[in-house]
Every structure is written in structure tokens, then in C-alpha cells.
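Engineer: I would like the atomic coordinates for the input below:
(chains A and B)
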Amino acid sequence: GENVEQHPSTLSVQEGDSAVIKCTYSDSASNYFPWYKQELGKGPQLIIDIRSNVGEKKDQRIAVTLNKTAKHFSLHITETQPEDSAVYFCAANTMEYGNKLVFGAGTILRVKS
Amino acid sequence: DSGVTQTPKHLITATGQRVTLRCSPRSGDLSVYWYQQSLDQGLQFLIQYYNGEERAKGNILERFSAQQFPDLHSELNLSSLELGDSALYFCASSVDIGSTYEQYFGPGTRLTVT
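Structural biologist: Numbering: from 1, shown residues only, chains lettered A, B, ... in the order given. This is a model prediction of the structure:
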């Protein structure tokens, strides 16, 4: 079945620097890749997503890139701010078991001011 | 605020007991998903309902069951609780049934089994 691997598990950056989180997936039929941000005590919040018909999508300081051939996608956060500190999850959809999302293990991002 | 509501926020109960978690999806969303989040297992998909019908199942234990009512709210029932069932339980909703539709998560219910 679908397997999503996420790296790194923790990431510390200085405020103003960029952060990159990478994910790989195994199911070549996957065509939807969302990213979620989870702050302490809250539910995951959808921050950006990409579908397989595009290679890159940007929303202000956040961008996601997708390489379908290599089966990997990445989250890029530029000009990081302390409020970006959170756990970030990538996910990929799979048609197995009736159409669902499979999540990566998460990346703890710490932005030091 | 995602528009998805979950109650209760916290639940503490003993082993062997049964609990019910409740979820109300965003206005207009027909599909509801349940997830379990634990430290060692991450976010695990449990089950999906669409417009009252079960449509997909993940690694949901037989002791767990769910349903979606005509007003589209959903309940997750956990019975014969074990210590290992302690986790965060999230509900998410989306407008339609397919996995390419955005899923919006609720704030979760923290279940502690003692």
C-alpha cells in the first residue's frame, strides 16, 4: 500500500531563514498532496496542497514542489517567523481502501528568534 | 477555525469502558473522516462516511464503530477500552467523497484511558 516518508523529523532554523521539508511516496497513482500544520493542542490545519497536473504552487511565503517521476514533493517556507514553529505533515492520497490520505510522520519545525 | 467541531475536548475513562466522540462537519460538507493520532503511530485513518454511508475503512479496530446521521454529524464509538487506545481523535470533513478534495480537521478529542 501507499507509504509516505517525511524528512527531517526535526528542523531548527534561524528567524528569516528558509526551511525545506521533503516527502516521498510509493503509490504512482497518487495525485493529490496536501500539507498540514499542527500547533500544540490544535488540529492539523491545511496550509497548501498540490495536484499532479502542476509542478509547483506558491502562496505568499509557502511553496510546494512536486516531482512525479521521482515520487517526491517538498514544502518550502521562506523568511521564517517564530509563528511558523509547529509540526508539519505531508500526505498523499491513495485509492487503496477506498480513497484516503496517508500521512507522513511529521516534522517539528523550530524557528529561533 | 476550520468550521469542524468536536466534543468533548477531553475525555478520561477507565479500561473496559465505552465512550462516544462527536463531530459536526463544516457547513455544506458531506464527507466525514475519523483519524487517530498517537505518538508512535502518527495520524492514522480510521473510517470515512459520505452522506450517511460508510465509504472507506482504514486500520479501525473491531471494538470501534462509527456512524453518520441524517444531519451529517458523526459519532465514533469506542468500546472495551484499553490503555493503548489513549490518543487524540480527529474528525475531518470535505465537500465530497474523493480523496482529492481538501480535508479540514476539527480540534480533536483527547482520550485518556486509565
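Engineer: any idea how far B:His73 lies from B:Arg22?
Structural biologist: 7 Å (Cβ to Cβ, to the nearest Å). Where C-beta positions appear, they are placed from N, C-alpha and C, glycine not excepted.
Engineer: anything in the helix or strand of chain A with the lowest mean pLDDT near chain B?
Structural biologist: Scoring the helices and strands of chain A by mean pLDDT, DSSP states H and E places strand A:100-103 at the bottom, with a mean of 91. Yes: using Cβ under 8 Å from any Cβ of the partner chain, strand A:100-103 reaches chain B at A:100-103.
Engineer: tell me the strands beside that strand, with direction?
Structural biologist: strand A:86-94 (antiparallel) (DSSP bridges).
Engineer: can you pull the buried residues of the helix or strand that comes right after the least confident helix or strand of chain A?
Structural biologist: Following strand A:100-103 in sequence order, the next helix or strand is strand A:107-112 (DSSP states H and E). Neighbour-count burial for strand A:107-112 flags A:107, A:109, A:111 (criterion: 16 or more other Cβ atoms under 10 Å in any protein chain shown).
Engineer: and for stretch A:75-89?
Structural biologist: Per 16+ other Cβ under 10 Å, stretch A:75-89 contains these buried residues: A:75-77, A:80, A:84-89.
Engineer: among these, find me the one that's closest to chain B.
Structural biologist: For these, the closest approach to chain B (Cβ to the nearest Cβ) belongs to A:Phe89, at 6.4 Å.
Engineer: OK, contacts around that closest one?
Structural biologist: Counting by Cβ atoms under 8 Å, 6 or more residues apart in numbering or on different chains, A:Phe89 makes contact with A:6, A:35-36, A:38, A:44, A:103-104, A:106-107, B:42-43.
Engineer: okay, and residue 49 sits in which element?
Structural biologist: Just going to use chain A. With DSSP H and E as the test, A:Asp49 turns up in strand A:45-51.
Engineer: meant chain B, my bad for not saying
Structural biologist: For B:Tyr49, the element it lies in under DSSP H and E is strand B:42-50.
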